[in-house]
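Asks: take this sequence and fold it.
(one chain, ligands or ions: 1)
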Amino acid sequence: MEFKELGKSAQKIPVLGLGTWGIGGFSTRYLGGGDEEGVRALKLGIELEMRFIDTAEMYAGGHSEEVVAKAVKSQRKEVFIATKVSPEHLHYDDVLKSCESSLGRLETNYIDLYQVHWPNPSTPIAETMKAMEHLAAEGKIRHIGVSNFSVRQTREAQEALSKSSLASNQVEYSLLDRSIETGLLPYAEKEHITIIAYSPIAKGEIPKGRRGQRWQTLDEIASKYGRTRSQVALNWLIAKKPVVAIPKAASLNHIRENAGGAGWQMSKQDRDKLSEAFH
Ligand code: NAP
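Replies: Numbering: from 1, shown residues only. I've put the predicted structure just below:
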């Protein structure tokens, strides 16, 4: 696995992590099957060095965090855990309360990266960031991040921090959703803010057997490197300086495949060809 520095810090994080939306969710809780599938998938991801798990208090009503705890167990120090506070909990006291609850469900005494899940214009970001810095001072969180923030909102969050710097912004980014490229991506690169790309294989759309010119280009490049569509799509993302990606997979074969998105490089020419094809 390759690593990148998180934001301006010396903390290294794997370029590919593990998403958890849907893990511990409706189907496993109510339709049988328990948590085993999710735990197994995350454990395999950890074994394959994708030691960066992204979850949220919102996922499966907090149950995803409990599944993460089961998967991580004694390996806590080796796994970088990121979770998120929901937009309805952004007032000072609510942030502290949410963090305590997440710590409990994650069975840990610190969160590596605590992220504001979505901006909420009805709560001043300065109030939220004050709570975040309080948590950091208490050692309950190691790094502060945001998610789904525009350039303007990111700048406001940065400016609201007095003792720390904003580590990351988690946003949708894939070959099929390039919207951050016109503003947020160059801004993040300039400001040394890590972009955590969510839905990096477009919720499973990229590996599906679609036809057409752009898909043919993707398939040609995949076959040139002896890789799959998902691996190429992930590799294209992490080749960008500030970007790491968090594909989610419950299937063990998908986890294995996604881990192979790192550890090799496409030529610049092929990356450009893909960018052009999916423009
Ligand atoms: P994604 O990772 O792009 O795609 C996940 C889907 O693709 C799943 O259905 C998965 O199936 C399938 N898949 C995974 N690897 C595959 C492969 N190699 N071949 C074929 N299919 C594959 O989408 P996502 O779950 O939306 O995003 C990833 C993570 O980002 C989430 O889990 C969550 O942690 C985070 N996220 C954050 C936000 C936010 O607002 N901050 C929003 C959305 C997502 P199986 O599960 O059956 O293996």
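Asks: ok and the residue in the stretch 1-150 of the chain nearest the ligand?
Replies: Gly19 (2.4 Å; C-beta to the nearest ligand atom). The C-beta positions use only the backbone N, C-alpha and C, and glycine is treated the same way.
Asks: nearest residue to that residue other than its sequence neighbours?
Replies: In space, Gly19 comes closest to Lys248 once its chain neighbours are excluded; the distance is 3.1 Å by C-beta to C-beta, 6 or more residues apart in numbering.
Asks: check Ala239 too.
Replies: With C-beta to C-beta, 6+ apart, the residue lying closest to Ala239 is Arg271, at 5.7 Å.
Asks: what's the answer for Leu42, then?
Replies: Ala71 is the one closest to Leu42 (C-beta to C-beta, 6+ apart), at 3.5 Å.
Asks: flag every residue of the stretch 1-150 of the chain that's near the ligand.
Replies: The stretch 1-150 of the chain has residues 19-21, 54, 117, 147-148 near the ligand, with proximity defined as C-beta under 6 Å from any ligand atom.
Asks: swap in 8 Å and give it another go.
Replies: Contacts of the stretch 1-150 of the chain with the ligand, taken as C-beta under 8 Å from any ligand atom, map to 18-23, 41, 54-56, 59, 84, 115, 117-118, 147-148.
Asks: in helices only, show me these.
Replies: The members of these that map onto helices under DSSP state H are Ala41.
Asks: among the residues of the stretch 1-150 of the chain next to the ligand, which ones are in strands?
Replies: 54, 84, 115, 147 (DSSP state E).
Asks: Serialize the residues you listed to TSV and add fields for pLDDT and neighbour count.
Replies: Shown next, in TSV, are these (pLDDT from 0 to 100; neighbours: other C-beta atoms under 10 Å):
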residue	pLDDT	neighbour count
Asp54	98	26
Lys84	98	27
Gln115	98	26
Ser147	98	22
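Asks: can I get these in CSV including distance to Val244?
Replies: Below are these laid out as CSV (distance: C-beta to C-beta, whole Å):
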residue, distance to Val244
Asp54, 10
Lys84, 16
Gln115, 13
Ser147, 13
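Asks: nice, that's everything, thank you.
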